[in-house]
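J.: please work out how this folds:
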Amino acid sequence: MNSIMIKARLALSTRSQELAEKYVRELDNLGFSIVQVTPRGVNFEGTIDLFECTFKSRVTQSSDGVWFENVPVFPEALEESVDAVYFPTKPTFFG
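T.: Sure thing, here's the model as predicted:
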């Protein structure tokens, strides 16, 4: 079992605090921890194993970041008005 915690973002296709709050409950029920909620989406975290089980895609982590190896499959409870689930990357700043 892989217990490394990783952060992700569930991006909504429509701006809706109500829908975001619905997904907070669904993600919590699936075992994820909620980091931040906005009308455009939910930032959440969980173990790699939890992501792989929930989204039916292997997760790879390296020094370049974290990514799904295949297109993630959304559970039925997370399908409405969701554009994507992805692992945010740290910004690169140029001098």
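J.: contacting residues for the residue lying closest to residue 23 once chain neighbours are set aside?
T.: The shortest distance from residue 23 to any non-neighbouring residue, by C-beta to C-beta, 6 or more residues apart in numbering, is to residue 42 (5.2 Å). No exception for glycine: its C-beta is placed from N, CA and C like everyone else's. Neighbour list for residue 42: 9-10, 20, 23-24, 27, 34, 36 [criterion: C-beta atoms under 8 Å, 6 or more residues apart in numbering].
J.: buried ones from those, can you make that a PyMOL selection?
T.: The buried residues among the contacts of residue 42 can be selected in PyMOL (16 or more other C-beta atoms under 10 Å) with this line:
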select buried, resi 9+10+20+23+24+27
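J.: can you give me the buried ones in the helix or strand where residue 52 lies?
T.: Using DSSP states H and E, residue 52 sits within helix 48-55. For helix 48-55, a neighbour-count test (16+ other C-beta under 10 Å) marks 48, 50-52, 54-55 as buried.
J.: next: stretch 70-77.
T.: For stretch 70-77, the neighbour count (16+ other C-beta under 10 Å) marks 72, 74 as buried.
J.: now that stretch, how far from the chain's geometric center?
T.: Relative to its chain's centre, stretch 70-77 lies at 11 Å (C-alpha atoms, centre = their mean, to the nearest Å).
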